[in-house]
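# Show me the folded form of this:
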Amino acid sequence: MDTITCGHCQVITPVQPFGDPADIKYGGKCKMCMRLICRTCYEKFINGDGCDPFEKKLDRIEAQDRFARSAGLA
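Residues are numbered from 1 along each chain as shown. Predicted structure coming up:
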């Protein structure tokens, strides 16, 4: 089965054989990061929540952890 992995939340979405993964029925393509995204993240993007790639989320989590460690909270 063909699948795409959302570039914003890492959800795996099945795609019909020979289907276009950037088609709106599967989700779409984020116009800011140019990654394929799931339908839920596409709706958030269209409604103005913006682009939030998974790698940026990880960077924020790591930065919070580094801050907590440097402050002696972790």
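# and the spatially most central residue of the chain, what element?
Compute the mean C-alpha point of the chain, and by Cα atoms, centre = their mean the closest residue is His8, 0.5 Å away. Element membership of His8 [criterion: DSSP states H and E] is none; it lies in no helix or strand.
# what does the model give it for pLDDT?
Per-residue confidence at His8 stands at 96 (pLDDT).
# what about the closest residue to Ala22 other than its chain neighbours, neighbour count?
In space, and not counting its chain neighbours, Ala22 is closest to Lys29: 4.3 Å by Cβ to Cβ, 6 or more residues apart in numbering. Yep, even glycine has a C-beta here, placed from its N, CA and C like the rest. Neighbours of Lys29 under the rule other Cβ atoms under 10 Å: 20.
# Ok, Gly27 next?
Neighbour tally, Gly27, other Cβ under 10 Å: 25.
# From Gly50, how far off is it?
Separation of Gly27 from Gly50 (Cβ to Cβ, to the nearest Å): 16 Å.
# One more: Asp2?
Look at Asp2 and Gly50: by Cβ to Cβ, they are 28 Å apart.
# which SS state does Thr3 fall under?
What DSSP: H, G, I helix; E, B strand; the rest coil gives for Thr3 is strand.
# What about it, how many residues nearby?
The local packing of Thr3 (other Cβ under 10 Å) involves 11 other residues.
# I'd say His8 and Met32 touch.
No: between His8 and Met32 there is no contact under Cβ atoms under 8 Å: 10.3 Å.
# Overlap in contacts, these two.
Residues touching both His8 and Met32 (Cβ atoms under 8 Å, 6 or more residues apart in numbering) are Phe45, Cys51.
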